[in-house]
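Chemist: mind folding the following:
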Amino acid sequence: MSDSQITDQEFALFQRLIYKIAGISLSEAKKVLRIAVARDNDNPFAWYQLGIVYEHEGDRPRAALATAERYSLEGQAAPALHSAEQAMTGLEKGTPDWIRAQDIAMVSKNALEKRKRR
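Modeler: All right, here's what the predicted structure looks like:
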């Protein structure tokens, strides 16, 4: 990594600082981002931002689910699968979030299997 690149953790801290400077609490940011992804769930950046908020709140399963959504939208099956499986281990089985994580995991597995057959 070059000196000009920052890690995801550094970016998350930077983002939290931006929320603080803007006078937006994490709970307000979460509310706005949840509305954003409900209206446009094909926005990887909104999912990324929501994942950051969940991570800062300590809700790792939902942070992993948001990350899975992001990677799935970006066509990155391997990290989407990993994140979806991680989310499923922390979410209550059968809940809408768990089912969504399972859906992402299944689609990602299928995409990876198709790539192997080529």
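Chemist: what does the helix of greatest length in the chain rub up against?
Modeler: The helix spanning the most residues in the chain, taking DSSP state H as the definition, is helix 96-117. With contact meaning Cβ atoms under 8 Å, 6 or more residues apart in numbering, helix 96-117 is reached by 61-62, 64-65, 68-69, 72, 77-78, 80-81, 83-85, 87-88, 91-92. In this view, the C-beta of every residue, glycine as well, is placed from N, C-alpha and C.
Chemist: try 6 Å
Modeler: L65, A68, S72, A77, A80, L81, A84, E85, A87, M88, L91 (Cβ atoms under 6 Å, 6 or more residues apart in numbering).
Chemist: residues near the last one, how many?
Modeler: The local packing of L91 (other Cβ atoms under 10 Å) involves 20 other residues.
Chemist: could you tell me how many residues sit around T7?
Modeler: 9.
Chemist: show the model's pLDDT score for it.
Modeler: Listed pLDDT for T7 reads 72.
Chemist: repeat for the one 4 residues further on
Modeler: Per-residue confidence at F11 stands at 65 (pLDDT).
Chemist: past the helix or strand where A46 lies, which element shows up next along the chain?
Modeler: Assigned by DSSP states H and E, A46 belongs to helix 44-57. Counting by DSSP H and E, the next helix or strand C-terminal to helix 44-57 is helix 60-73.
Chemist: can you find the helix or strand of the protein with the lowest average pLDDT?
Modeler: helix 8-21 (a mean of 67; mean pLDDT, DSSP states H and E).
Chemist: from the chain's centre, how far out does the longest helix of the chain sit?
Modeler: 15 Å (Cα atoms, centre = their mean, to the nearest Å).
Chemist: is there a neighbour count for L112? I'd like the number.
Modeler: So L112, with other Cβ under 10 Å, has 13 neighbours.
Chemist: what's the answer for S25, then?
Modeler: 12.
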